[in-house]
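Asks: predicted model and sequence below, questions to follow.
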Amino acid sequence: MRHKIYRILLLLSLALMSAFMLVPPAHCLPDNNRFAPEVVYLKPPVDTLTLSISDALAKKGEEVCVSVTAKNFDHILTMQYTVQWDAKVLKLKEIKDFGLEGMDKRNFGMHLLDKGMLTFSWYDHQLKGITKDDGTELYKMCFEAIGETGSETSIAVSSKPTVVEISNAAGLFLDLRSENGEVAID
């Protein structure tokens, strides 16, 4: 009986040793040949939507508005992103002149305005996708110029905290090209 147990243990030991002998230690593996490879999912964009933010000049204490316009707005179903600016230069007062069906103030997150961030999320409620002419104004942002004379800030689309994501009616993601605006305090 003892011999059978020894044989079984010996066979198990040999099996384990041979299995590990065929696998090189991790420090000997090249970076591109891992046993648990990193998986990267790529969804290449099918097209590019351009969002342009206008430039403006204002005196301290004045209200200044900038427009957000679109180019290549073809069958757009959903959009989300963040707009950022220097909160020491501008203070957001109002969002108005909505250019998309179903868009209103509820599409904008106002919880980070003190940090110069406005989050945005919109979708076509009919789930068909909306097409607009190039240069169509999507909305207007109006600020109070609170910075000192000579100060300026860019107004830019970013992915923090709301990640940029734009999709069309076919369910495909689009790339975003952002043309930033700039406001200078005169």
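Replies: Nice, thanks for sending it over.
Asks: let me know the distance separating Leu92 from Val66.
Replies: Leu92 sits 11 Å away from Val66, going by C-beta to C-beta, to the nearest Å. All C-beta spots, glycine's among them, are computed from the backbone N, C-alpha and C.
Asks: shared neighbours, these two?
Replies: Residues touching both Leu92 and Val66 (C-beta atoms under 8 Å, 6 or more residues apart in numbering): 141, 143.
Asks: show me the contacts for the closest residue in space to Val163 that isn't next to it in sequence.
Replies: Excluding the flanking residues, the one nearest Val163 by C-beta to C-beta, 6 or more residues apart in numbering is Gln80, at 7.1 Å. By C-beta under 8 Å, 6+ apart, the contact list for Gln80 reads 119-122, 162-166.
Asks: may I see the ChimeraX selection of the buried members of these?
Replies: Per 16 or more other C-beta atoms under 10 Å, the buried members of the contacts of Gln80 correspond to this ChimeraX selection:
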select :119,120,122,162,164,166
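Asks: out of the contacts of Gln80, who's nearest Ala58?
Replies: Phe120 (22.8 Å; C-beta to C-beta).
Asks: quick check: buried residues in stretch 150-164?
Replies: Using 16+ other C-beta under 10 Å as the test for burial, stretch 150-164 gives 151, 153, 155-157, 162, 164.
Asks: and the residues you listed, which two are furthest apart?
Replies: So for those, where distance means C-beta to C-beta, the most widely separated pair is Ser151 and Val164, at 27.1 Å.
Asks: where are the low-confidence patches of this protein?
Replies: 1, 6, 10-46 (pLDDT under 70).
Asks: repeat the analysis, applying 80 as the threshold.
Replies: The chain contains residues with pLDDT under 80 at 1-46.
Asks: helices of the protein, start to end?
Replies: With DSSP state H, the ranges of helices along the chain come out as 2-21.
Asks: would you map the strands across the chain?
Replies: 48-53, 56-58, 63-71, 76-84, 90-96, 108-109, 117-123, 136-145, 152-158, 165-168, 173-179, 181-185 (DSSP state E).
Asks: I figured Asp186 hits Ser151, correct?
Replies: No: contact criterion C-beta atoms under 8 Å: Asp186 and Ser151 do not qualify, at 10.0 Å.
Asks: what bridges to Phe108?
Replies: Counting by DSSP bridges, Phe108 forms beta bridges with Phe120.
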